[in-house]
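>>> Curious how this folds, go ahead:
(chains A and B)
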There are 2 protein chains.
Amino acid sequence: MAKLNNNYLKLKAGYLFPEIGRRVKSFSDSNPEDSEKIIRCGIGDVTEPLPLAARDAMKSAVDELGSHDTFRGYGPEQGYEFLRCAIANGDYRTNNISVDDDEIFVSDGSKCDTGNILDIFGNNNRIAITDPVYPVYVDTNVMAGNTGEANDDGTYSGIHYMPCNPLNSFVPEIPDEPVDLIYLCYPNNPTGATATKEQLEHWVSYAKEHGSIILYDAAYQAFIQDPEIPKSIYEIDGARDCAIEFRSFSKNGGFTGVRCAFTVVPKELMAETDSGDRKPLHPLWSRRQSTKFNSVSYPVQRAAEALYNDEGKNQINNLITHYMSNAEKLRGACSDIGLSVYGGKNAPYVWVACPENIDSWGMFDKMLNEANVVITPGSGFGKAGEGFFRISAFNSDENVTKVCDRLKSIL
Amino acid sequence: MAKLNNNYLKLKAGYLFPEIGRRVKSFSDSNPEDSEKIIRCGIGDVTEPLPLAARDAMKSAVDELGSHDTFRGYGPEQGYEFLRCAIANGDYRTNNISVDDDEIFVSDGSKCDTGNILDIFGNNNRIAITDPVYPVYVDTNVMAGNTGEANDDGTYSGIHYMPCNPLNSFVPEIPDEPVDLIYLCYPNNPTGATATKEQLEHWVSYAKEHGSIILYDAAYQAFIQDPEIPKSIYEIDGARDCAIEFRSFSKNGGFTGVRCAFTVVPKELMAETDSGDRKPLHPLWSRRQSTKFNSVSYPVQRAAEALYNDEGKNQINNLITHYMSNAEKLRGACSDIGLSVYGGKNAPYVWVACPENIDSWGMFDKMLNEANVVITPGSGFGKAGEGFFRISAFNSDENVTKVCDRLKSIL
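Next comes the predicted model:
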């Protein structure tokens, strides 16, 4: 008889967003007159139109597919050279970071890639994950059999959790036990924290010493305003020996519905075989993508390429300016009413300590019931998130102004 | 130290298409005057323009993304309801096959899905695969650790191979040992064979008796001309209890570069847990897609939807007619010169027995050197493919006429 993957049975129900949905629905049903006023600052989804440069490029690529002479069928599974080159140049070589075109693997999302990357690793790695954390890192390790059962507090045995809190500025300490795969995400989802060059140097140095690999999620790098904060792990000497970087067009180019991202796997990067040899990971990921993926829609790849021309870059800048102006307003409103505010300076997420005597879900209910604003309870991202809530700056200027006013009126 | 997935080291080098590429390049380098004459009938990639209905739908969806009022960010990970419903209606319910909208999972390719589906299965299943076979089924099982090492003849220990040949009309016998996951692909890639209703009934009956699951790849169903041949495994009574079906817009809608496909997971379908319970697979695949996928680009989903309106259906019919007319010409030319021809009647692949005393690669070289035509050697799809070659009907009318003339001139 066919057997299923028992690891899936360890997964906790996708608790956070369904529970948010349930509470919002219950509120709307009981208060139909208020339901139209609800403003959603929960999920980190963009709200502003797709940049014109991307739209124009996509439409001309569709036209190309309409003619015999310019029709394209299967493209290279790792992405078209025109896009890999635009990325390696525009995001790395222009900033004096050495990345070859063929170290760029175009994909349909960083969520997908941070999950799929586990395909090329053994199931005997020790996994280090921050708390709070983007839940996909945890769940994909559960699915892959890299953890034990769930504990009562929502953690999984077999994962090394690294608490992040105001004391460490939401950048974890170096673990006191050896770990092999280390998930770092900066600017951070959900806390909006960033890591300094010195902090990342410590991590790279640890990883090189222990043969660990850093899985560096830089999906929010475009929001970094402070020139001292690294946008790429490869700004750190030695990172090419120990880090894979994930980036996305979702948040800078507004591509959450268009789907394009990429992963950088340096050719120097090695991992150990069962027999103790060290082998490069680049050919494994390339083989994985060739076998289980067929790259991204051609018009989408042309749209992503267009984000690197002058028009595209300007349009991205305008989007970033818009969202970061929202973040500043939200930070200001929270500060004005005496709350401790983190993030939101170099990230589109504002991470706020709940008022005294209110926990994360209590704050969620208060915001929903009294301000008709949906936020995300920090505890949904892990137990170290308890006592905090996240406000997303992905919204219209008008809505953010309303959210700020309502925050002030209820606290 | 980080450990890699040792199963990847068992993979044979992706031998077939790189070797074809090497031989074509070597021929072109030595015969520059002939290299422009080369016609490629190897890889199964479409050549005709994308249907206008799909292009128009895609471009208006791009325009929608350009306006605040109609902008869409993240869509449902399983696909938009408009597309799931169009598929379930257009491909199934219209044909009196019961499939619910939420049993349709939209994806970026059948190749991806036939690989990714292994995520939800345990690694203690006995795998049955036809020989010859689409190599992705084999390689993804190797990667997932479902096989032993490669043998000298290119097979892997731990896989139950089911030979397909003229004696069984390229539809395998029911195995004489129990198997849990059974890959069937009809119309078949590479042989172009189809399975009758009676043959599929035997398989469904076997699967139900043994608790096996049939992974039914129907990517080429649109090419079926004979109304007696099932287009879906769900035309067979009981198949909802034992089969997952994979379909794609790649070959009917010319979407190989646009990327859209879908997988049907009936809610009745069960597999066994370690403790011997039977649990449904539908929630596992749904969770897998929610966690490791973000669905397909919105404009691409609109393009796929448009293939189900009258204009789209007409345009698909024209494409199928075009490619099947090519297949008929290729079949005729091979028959005329006395070769035994299979496939090509309900599939875009013509599968031909090599002339006496020429093996698959010998025929490849002869075709390349003497006719300047690239075909695929049958042995590249498995040892039972030795002595055959595949000609793809995906080409222009003009090229196919030339291929027929050249075939006749060299044999």
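
>>> Show me what stretch A:338-356 is in contact with.
Applying Cβ atoms under 8 Å, 6 or more residues apart in numbering or on different chains, the contact partners of stretch A:338-356 are A:44, A:166, A:170, A:187-194, A:220, A:223-226, A:229, A:251, A:323-324, A:326-328, A:330-331, A:334-335, A:360, A:362-363, A:378, A:387-394, A:411. C-betas here are computed from N, CA, C, even on glycine.

>>> and with 7 Å instead?
Residues from elsewhere that reach stretch A:338-356 (Cβ atoms under 7 Å, 6 or more residues apart in numbering or on different chains): A:44, A:166, A:170, A:187-194, A:220, A:223-226, A:229, A:251, A:323, A:327, A:330-331, A:334-335, A:360, A:363, A:387-394, A:411.

>>> Can you give me the buried ones in it?
Using 16 or more other Cβ atoms under 10 Å in any protein chain shown as the test for burial, stretch A:338-356 gives A:339, A:341-354.

>>> Residues of the stretch 251-400 of chain A that sit close to chain B?
A:256-259, A:271-274, A:279, A:281, A:284, A:287, A:290-294, A:296-300 (Cβ under 7 Å from any Cβ of the partner chain).

>>> Restricted to buried residues, select those in PyMOL.
Buried residues within these, by 16+ other Cβ under 10 Å, are selected in PyMOL with:
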select buried, chain A and resi 256+257+258+259+271+272+273+281+284+287+290+291+292+293+294+296+297+298+299+300
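
>>> Inside strands: which ones of the contacts of stretch A:338-356?
Under the assignment DSSP state E, the contacts of stretch A:338-356 contribute A:388-392 to strands.

>>> In CSV: the residues you listed, plus pLDDT.
Formatted as CSV, the ones in strands among the contacts of stretch A:338-356 follow (pLDDT from 0 to 100):
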residue, pLDDT
A:F388, 98
A:F389, 98
A:R390, 98
A:I391, 98
A:S392, 98
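
>>> By neighbour count, which of these wins?
Counting neighbours by other Cβ atoms under 10 Å in any protein chain shown, the top entry in the ones in strands among the contacts of stretch A:338-356 is A:I391, with 32 neighbours.

>>> What ranges does the stretch 51-200 of chain A have for its strands?
With DSSP state E, counting those that start in this stretch applied, the stretch 51-200 of chain A shows strands at A:104-107, A:127-131, A:159-163, A:181-185, listed in chain order.

>>> neighbours of A:P280, just the number please.
Applying other Cβ under 10 Å, we find 15 residues neighbouring A:P280.

>>> quick revisit: are any of the contacts of stretch A:338-356 buried, and which?
Applying 16+ other Cβ under 10 Å to the contacts of stretch A:338-356 flags A:44, A:170, A:187-194, A:220, A:223-224, A:229, A:251, A:323, A:327, A:330-331, A:334, A:360, A:363, A:387-394, A:411 as buried.

>>> sorry, back to before: any idea which of the strands of the stretch 51-200 of chain A gets closest to B:A243?
Proximity to B:A243, assessed across the strands of the stretch 51-200 of chain A by Cβ to Cβ, is greatest for strand A:104-107 (29.6 Å).

>>> Touching that closest one from outside, list them.
A:78-79, A:83-84, A:87-88, A:113, A:260-265, A:285, A:289, A:295-296, A:301.

>>> Return the subset of these lying in helices.
When those are checked against helices (DSSP state H), the matches are A:83-84, A:87, A:113, A:285, A:289, A:301.

>>> A:Q315: what's it in contact with?
A:51-53.

>>> could you redo the last one with a cut-off of 6 Å?
A:51, A:53 (Cβ atoms under 6 Å, 6 or more residues apart in numbering or on different chains).

>>> For it, give me the pLDDT.
pLDDT recorded at A:Q315 is 98.

>>> what's the answer for A:R93, then?
So A:R93 comes in at 98 (pLDDT).

>>> Could you count how many residues lie near it?
Number of residues near A:R93 (other Cβ under 10 Å) recorded here: 15.

>>> What residue, apart from its backbone neighbours, is nearest it spatially?
A:V99 (6.7 Å; Cβ to Cβ, 6 or more residues apart in numbering or on different chains).

>>> is it true that the one you found touches A:A88?
Yes: taking contacts as Cβ atoms under 6 Å, A:V99 lies within contact range of A:A88: 4.9 Å.

>>> Give me every residue in the stretch 51-200 of chain A that's in contact range of chain B.
By Cβ under 6 Å from any Cβ of the partner chain, the residues of the stretch 51-200 of chain A that approach chain B are A:55, A:58-59, A:62, A:65-67, A:71-75, A:109, A:111-112, A:115, A:120-122, A:124-125, A:139, A:180-181.

>>> count of neighbours near the closest residue in space to A:Q289 that isn't next to it in sequence?
Leaving aside its chain neighbours, A:Q289 sits nearest to A:E77 (5.1 Å; criterion: Cβ to Cβ, 6+ apart). A:E77 has 18 neighbouring residues, counting by other Cβ under 10 Å.

>>> With A:N314 instead?
If we define neighbours as other Cβ under 10 Å, then A:N314 has 13 of them.

>>> Toward the C-terminus, what is the element adjacent to the helix or strand containing it?
Taking DSSP states H and E as the definition, A:N314 sits inside helix A:310-336. Per DSSP H and E, the first helix or strand lying C-terminal to helix A:310-336 is strand A:341-343.

>>> Out of the residues of the stretch 51-200 of chain A next to chain B, which sit inside helices?
Reading helices off those with DSSP H, I get A:55, A:58-59, A:62, A:111-112, A:115, A:139.

>>> For the residues you listed, pick the one with the most neighbours.
Busiest of these [other Cβ under 10 Å] is A:M58, holding 28 neighbours.

>>> now that residue: how far from A:N318?
Computed as Cβ to Cβ, to the nearest Å, the A:M58 to A:N318 distance reads 19 Å.

>>> Mark out where each domain of chain A begins and ends.
What automatic domain parsing lists as the domains of chain A is A:14-43+A:312-410, A:54-308.

>>> Turn these into a markdown table, including distance to B:G145.
Formatted as a markdown table, the domains of chain A follow (distance: least, Cβ to Cβ, whole Å):
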| stretch | distance to B:G145 |
| --- | --- |
| domain A:14-43+A:312-410 | 27 |
| domain A:54-308 | 9 |
